[in-house]
Structure formats: structure tokens, C-alpha cells
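A.B. asks: Please work out how this folds:
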Amino acid sequence: MAKNLMIQGTMSNAGKSLLTAGILRVLRQDGFAVAPFKSQNMALNSCITGEGLEMGRAQVMQAEAAGIEPQACMNPILLKPTSDTGSQLIVHGRVRGNYSARDYFHMKKELIPDILSAYDTLSGQADIIVIEGAGSPAEINLKENDIVNMGLAELLDAPVLLVGDIDRGGVFAQLLGTVMWMEEEEKRRVKGFIINKFRGDEKLLSPGPEMLYHRCGIPTLGVMPYLNVQIDDEDSLSEQLACGSRTQGDPGQVIHIVTVKLPHISNFTDVNPLVRYPFVSLQYVDSAARLESLRDVDLIILPGTKNTVKDMEWLIDTGLDAAIRNRVSAGCRIIGICGGYQMLGTGITDEAGSEGGGAVRGMGLLPVSTDFTAVKRRSRITGTIGSMPAEWRELEGITVGGYEIHMGESFCDEGAGYAFDPFCALSDGRADGCVRGRVLGTYLHGLMETDEFTRRLLILLGVEKGIDRERMEQAFGESESYRAFKESRYDILADAVRAHLDMERICEIIGI
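C.D. replies: Modelled structure (predicted):
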């Protein structure tokens with residue numbers, strides 16, 4: 001059996017995912033076969049594995065840090081919220097159904113065999129498994145049926161490191177208060193604290209760590225600095241959604257991209273490959289007033305969503321629907337991805353109740369309508385962009401890769417009285433997406449990780465903006481591939497873990 005270590009946090013977004021990835025990377029660099037594991041993940045940011053199974057994006061990121069292919073057994077249970085009180089339940093990468101929070105709470109323990117079988121699969125492949133908890137182990141209202149924090153640590157006999165987020169304040173109260181809610185046997189499992197997201201001089205923390213140790217006998221094994229390493233975040237708590245990226249300099253020499261922050265936004269990391277260039281600025285907007293206040297917008301991205309009908313209703317109710325259409329009428333380009341593509345069409349119907357049911361008109365920018373069924377399409381796939389209208393001709397001939405993950409199917413409206421083109425021809429013979437004028441829709445997540453697509457898209461936008469093409473080509477020539485860029489970020493993260501955590505003691509805790 002593999003040895004293990006569990007990373008728990010005092011709250012959601014304390015930095016568990018990133019620290020898990022960093023420790024995995026360090027151990028991998030030291031020659032160990034490692035793998036991530038999270039028994040239950042609640043997130044709208046998911047991905048499709050090479051097996052055609054669905055799993056949380058955070059465990060995909062961690063698998064990349066570990067230098068291995070993502071497998072659904074790394075995240076056997078995925079909950080994708082469809083409303084404030086219900087989620088789609090995915091087990092071993094396949095949809096099991098939609099459940100209310102109450103119903104799921106009472107059935108959680110029935111999923112323990114699924115969790116253990118997934119862990120056993122990984123245990124046969126790895127020397128060390130680094131396990132990520134969820135939320136906080138001090139959520140006493142959820143403790144009875146816990147399968148993701150201390151309940152899981154007991155099942156897997158895992159030592160625990162507890163992470164506190166000092167950036168939100170009160171880190172010593174977070175750590176001590178969390179431990180105080182634990183049973184004695186659970187406290188004995190906690191082998192160390194990590195203070196995360198610190199800015200400033202570590203000496204100013206004294207005597208906090210010493211007092212923590214005297215109060216509960218648990219040492220602080222390191223203070224991690226606040227890091228901005230451009231590694232994929234997991235869900236709607238991501239700081240990327242609050243600030244995006246900004247570029248200094250002449251606004252006329254910057255490509256301004258806006259992503260709509262939908263209430264049920266999913267796979268927002270699709271846009272990450274666009275923002276590592278010095279001439280690109282990305283902002284998130286969630287109101288018509290915000291969009292209308294922006295003087296310069298070159299591209300709007302309408303991202304994926306886990307509730308297309310509700311989010312389209314929200315666009316209409318907030319006036320963003322009209323504000324977006326006004327921008328497009330004035331010449332702005334727009335790309336819709338998955339649910340965003342569906343909303344660009346003429347109508348969406350969910351009679352099957354796949355995402356909560358209902359029907360709503362679309363934005364009417366593409367001649368397609370979408371019907372939801374109970375069947376989810378899951379596949380990794382490639383495609384080739386064929387003949388494009390003049391507005392997108394720069395993209396012709398590119399072979400792109402990505403993955404499909406949707407329950408709706410979009411169809412050309414009968415009797416459409418205007419010209420349009422599919423976006424690309426897929427390797428399985430199907431056509432994907434729709435292009436009309438300056439509007440483009442596609443079901444392909446991960447599309448912008450294709451370096452050539454991103455390069456040509458930004459050149460298309462930049463040249464139209466008046467940015468020197470040679471300057472942009474030089475920037476692309478000097479940049480590494482997106483894959484290499486991500487690898488370098490994991491190495492930077494590992495360097496920070498080595499510099500700021502007591503890895504020698506952590507290895508002793510693991511038993512290596």
C-alpha cells in the first residue's frame with residue numbers, strides 16, 4: 001500500500017489545492033511515484049480524462065504537478081451545483097443523478113466503497129498519495145457523515161497537516177479553533193500546521209507559532225508566502241474572478257478581453273492561456289453597468305455554465321444580454337464556449353430537467369437552438385478549423401484539441417435565412433460549433449491551450465486593433481508553449497515549498 005499524507009484546511013480556499021500540488025511536485029522531483037486524491041469535490045470547474053470520464057479540475061492540475069495522467073479515481077465523487085440547494089452527482093467520472101443537499105447528506109456513507117475502491121486503484125500505482133480535504137474539519141454539522149476530512153483520514157489512516165489562511169486574518173484562531181472542535185483521536189492525527197498566503201516579514205508572526213504549540217502541542221511546519229504562480233484555480237472562490245489581469249501602458253496597444261462572470265460559471269480556466277502575454281488585459285464583468293463603463297472591449301468571452309437556462313435568464317434580467325448584443329452590433333467579437341455557445345443561439349429547452357428544467361430564449365446571435373437530454377457527452381477530441389468567414393480567416397486550417405462536457409445538443413434552426421459556418425470538423429466526423437459574422441460558438445473546452453489557436457486569435461485581434469504584428473510575433477517567439485509554461489509554474493511552486501516548509505519533517509511524517 002502507498003504511504004499517504006492529508007492536507008486539510010481551516011476553510012474553503014485556504015490554499016489546500018495549491019499546497020497539495022506543491023508537495024506532490026517536490027516528492028516527484030525527489031524520485032517518488034506520487035498521485036493526488038480527493039474523495040469528494042464540489043466544483044463547477046471539471047475536466048475530461050483520456051478515459052472519457054469527468055473529474056475536478058484541481059485534481060487534474062495536481063496530477064500534472066505529479067507528472068502523471070489524470071484519472072477519475074483521483075476524484076471519485078464530484079458534485080456540480082445546479083442550484084443553491086442541489087447538485088449533479090458524478091461518481092467514478094459518470095453522472096449518477098441530481099440530488100438535493102439534504103438527500104445527498106443522508107446517502108454519503110453509501111459512497112464509502114466507491115471512495116475506497118478508487119483509493120486502492122491509486123495505491124497500486126504510487127509510492128505516496130497526497131490527499132486533499134474539503135472545506136473545514138470543524139464543520140460540526142457535517143461531521144456525522146464525513147467522508148472527506150477527518151472521517152476519510154481515519155478510513156485511510158492518514159497523518160494530517162492543517163492549513164490556515166493568514167490573508168483573511170485571524171489565522172491563529174483559525175488553527176486553534178479548528179483543533180479544539182476535534183476529538184482527541186483526531187487531534188493526534190494532526191502532525192503540523194501550515195500558515196499560508198503570508199505577506200511581509202515572518203518575524204512579525206512571533207510569538208504566535210510558539211503559543212500555538214504550547215496550547216495544543218502541534219508545531220508549525222512552515223509559513224508559505226502569498227504566491228501568484230498562474231496555476232489553474234478550482235472554482236468560483238478563485239481570486240482570478242475578482243481581479244483578472246491588467247496590463248500597463250497605452251490602452252490602444254493592449255487587447256482588452258472581457259469574460260462574463262455568470263452565476264453558475266464553470267471552466268473559467270478556459271481563458272487562462274490568453275493572459276500570459278504583455279499586450280493582453282482580461283477583466284470579469286457581472287453587470288450591464290460594468291460592461292458599459294468599459295471604453296475599450298475587443299473580445300467578449302461567454303464561458304461555460306452548469307445551469308444554462310438560469311444563467312440566460314440572469315443575463316436578460318440584469319440587462320447584460322442587451323449590453324452584450326449592443327457591443328457586438330458595434331463591432332466587438334464574441335466567443336461562446338459550451339453553455340456560452342448555447343446562450344448565443346435562439347433558444348434553450350431543458351424538458352429533461354438535466355440542469356433544473358425550464359426554457360428560455362437565447363441571445364439570437366447564432367442560428368442554433370439547444371435541447372437538453374439526460375445524457376452527458378464526455379470526450380477528449382481534436383478538430384480542424386475549415387473555411388471561415390472573413391472575420392475569422394486567420395484561424396483557418398488550425399488543428400485544435402479540447403474536451404466536450406455537456407448535456408445539451410445544439411441544432412441548426414430550420415429555415416435560417418442567413419449564412420453561417422460550423423467552427424471545426426471533429427476527428428469523429430461531427431461538426432462542432434457555429435460561426436456567423438463576428439460571433440463564434442464552440443463546445444470545445446481547453447481550446448485555447450492549443451498554442452497556434454491562441455497565437456492566431458490574438459494576432460487577429462491585435463492587428464485589427466492596430467498593434468504591430470511584428471511586436472506580437474516576437475512575444476510569441478520568446479514565450480514557451482502553454483504546456484511548458486505550466487510545467488515551469490509547478491517547478492516555481494515546488495521551489496517555494498522547499499524554501500518555506502520543513503520538508504524533512506514532512507517526509508518523516510509520511511514515513512519516508
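A.B. asks: so residue 488 touches residue 482, yeah?
C.D. replies: No - the criterion here is C-beta atoms under 8 Å, and residue 488 misses it with residue 482 at 10.7 Å. The C-beta positions use only the backbone N, C-alpha and C, and glycine is treated the same way.
A.B. asks: These two: which has the busier surroundings?
C.D. replies: Higher neighbour count among residue 488 and residue 482: residue 482, with 16 against 13, using other C-beta atoms under 10 Å.
A.B. asks: At which residues are the helices of the stretch 351-500 of the chain located?
C.D. replies: If DSSP state H, counting those that start in this stretch is used as the criterion, the helices of the stretch 351-500 of the chain fall at 451-465, 469-478, 482-500.
A.B. asks: Over to the stretch 201-350 of the chain?
C.D. replies: 208-216, 240-243, 288-293, 308-318, 320-329, 339-344.
A.B. asks: before we move on, the earlier item: got JSON lines for the helices of the stretch 351-500 of the chain, with distance to residue 199 and mean pLDDT too?
C.D. replies: Formatted as JSON lines, these follow (distance: least, C-beta to C-beta, whole Å; pLDDT from 0 to 100):
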{"stretch": "helix 451-465", "distance to residue 199": "32", "mean pLDDT": "95"}
{"stretch": "helix 469-478", "distance to residue 199": "30", "mean pLDDT": "88"}
{"stretch": "helix 482-500", "distance to residue 199": "13", "mean pLDDT": "96"}
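A.B. asks: closest one to residue 219 among those?
C.D. replies: Residue 219 lies closest, by C-beta to C-beta, to one member of the helices of the stretch 351-500 of the chain: helix 482-500, at 14.7 Å.
A.B. asks: What is the closest one packed up against?
C.D. replies: helix 16-29, helix 57-66, strand 220-225 (3 or more C-beta pairs under 8 Å, 6 or more residues apart in numbering; DSSP states H and E).
A.B. asks: Next, the angle strand 220-225 makes with it.
C.D. replies: Orientation check (axes from the mean of the first three to the mean of the last three C-alpha atoms, to 10 degrees): helix 482-500 against strand 220-225 gives 130 degrees.
A.B. asks: okay, the angle between helix 482-500 and helix 57-66?
C.D. replies: 80 degrees.
A.B. asks: quick one: residue 442 and residue 337, what's the gap?
C.D. replies: 6 Å (C-beta to C-beta, to the nearest Å).
A.B. asks: what about the two, which has more around it?
C.D. replies: With neighbours defined as other C-beta under 10 Å, residue 442 and residue 337 compare such that residue 337 has more, 30 against 24.
A.B. asks: Would you agree the more buried one is in contact with residue 268?
C.D. replies: No - using C-beta under 8 Å as the test, residue 337 is too far from residue 268 to be in contact (9.8 Å).
A.B. asks: what is in contact with the two at once?
C.D. replies: Common contact partners of residue 337 and residue 268 (C-beta atoms under 8 Å, 6 or more residues apart in numbering): 303-304.
A.B. asks: Show me what stretch 162-182 is in contact with.
C.D. replies: Against stretch 162-182 from outside (C-beta under 8 Å, 6+ apart): 7-11, 13-16, 19, 136-138, 140, 150, 187, 190, 192-199, 208, 211-212, 215-216, 218, 226.
A.B. asks: circling back to that earlier point, of the helices and strands packed on helix 482-500, which is nearest residue 289?
C.D. replies: Of all these, helix 57-66 comes closest under C-beta to C-beta, at 30.6 Å.
A.B. asks: Which secondary structure elements does the closest one sit against?
C.D. replies: helix 16-29, strand 34-37, strand 46-48, strand 128-132, helix 482-500.
A.B. asks: Just say which of the ones you listed is most tucked in.
C.D. replies: strand 34-37 (a mean of 29; mean count of other C-beta atoms under 10 Å).
A.B. asks: Got the domain ranges for the chain?
C.D. replies: By the assignment in automatic domain parsing, the chain contains the domains 3-231+486-510, 255-466.
A.B. asks: would you turn the ones you listed into TSV with distance to residue 473?
C.D. replies: Formatted as TSV, the domains of the chain follow (distance: least, C-beta to C-beta, whole Å):
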stretch	distance to residue 473
domain 3-231+486-510	22
domain 255-466	7
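A.B. asks: Residue 472 is nearest to which of the ones you listed?
C.D. replies: In terms of C-beta to C-beta, the element of the domains of the chain nearest to residue 472 is domain 255-466, at 5.1 Å.
A.B. asks: I'd like to know which of the helices and strands packed on helix 57-66 is closest to residue 253.
C.D. replies: Here helix 482-500 is closest among the helices and strands packed on helix 57-66 (C-beta to C-beta), at 22.8 Å.
A.B. asks: how about the CA coordinates for that closest one, as CSV?
C.D. replies: The C-alpha coordinates for helix 482-500 follow below in CSV (Å, rounded to 0.1, in the frame of the first residue of the first chain):
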residue,chain,number,x,y,z
TYR,A,482,1.5,26.6,-22.7
ARG,A,483,2.4,23.1,-21.6
ALA,A,484,6.0,24.1,-20.8
PHE,A,485,4.7,27.3,-19.1
LYS,A,486,2.5,25.2,-16.8
GLU,A,487,5.5,22.9,-16.0
SER,A,488,7.6,25.9,-15.1
ARG,A,489,4.9,27.1,-12.8
TYR,A,490,4.8,23.8,-10.9
ASP,A,491,8.6,24.0,-10.5
ILE,A,492,8.3,27.5,-9.1
LEU,A,493,5.7,26.3,-6.7
ALA,A,494,8.0,23.4,-5.6
ASP,A,495,10.8,25.8,-5.1
ALA,A,496,8.6,27.8,-2.7
VAL,A,497,7.5,24.7,-0.8
ARG,A,498,11.1,23.7,-0.3
ALA,A,499,12.1,27.2,0.8
HIS,A,500,9.3,27.7,3.3
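A.B. asks: could you give the angle of the helix or strand just after that helix to strand 128-132?
C.D. replies: On the C-terminal side of helix 482-500, the nearest following helix or strand under DSSP states H and E is helix 503-510. Helix 503-510 and strand 128-132 are oriented at 100 degrees to each other (the same axes, to 10 degrees).
A.B. asks: need the longest strand for this structure.
C.D. replies: In the chain, with assignment by DSSP state E, the single longest strand is strand 368-384.
A.B. asks: buried residues in that strand?
C.D. replies: The neighbour-count check on strand 368-384 (16 or more other C-beta atoms under 10 Å) flags 368-372, 376-378, 380-381, 383 as buried.
A.B. asks: Given it, what are its sheet partners and their directions?
C.D. replies: strand 347-350 (parallel), strand 399-412 (antiparallel), strand 424-426 (antiparallel) (DSSP bridges).
A.B. asks: can you redo those strands as TSV with mean neighbour count?
C.D. replies: Formatted as TSV, the strands paired with strand 368-384 follow (neighbours: other C-beta atoms under 10 Å):
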stretch	mean neighbour count
strand 347-350	20
strand 399-412	20
strand 424-426	21
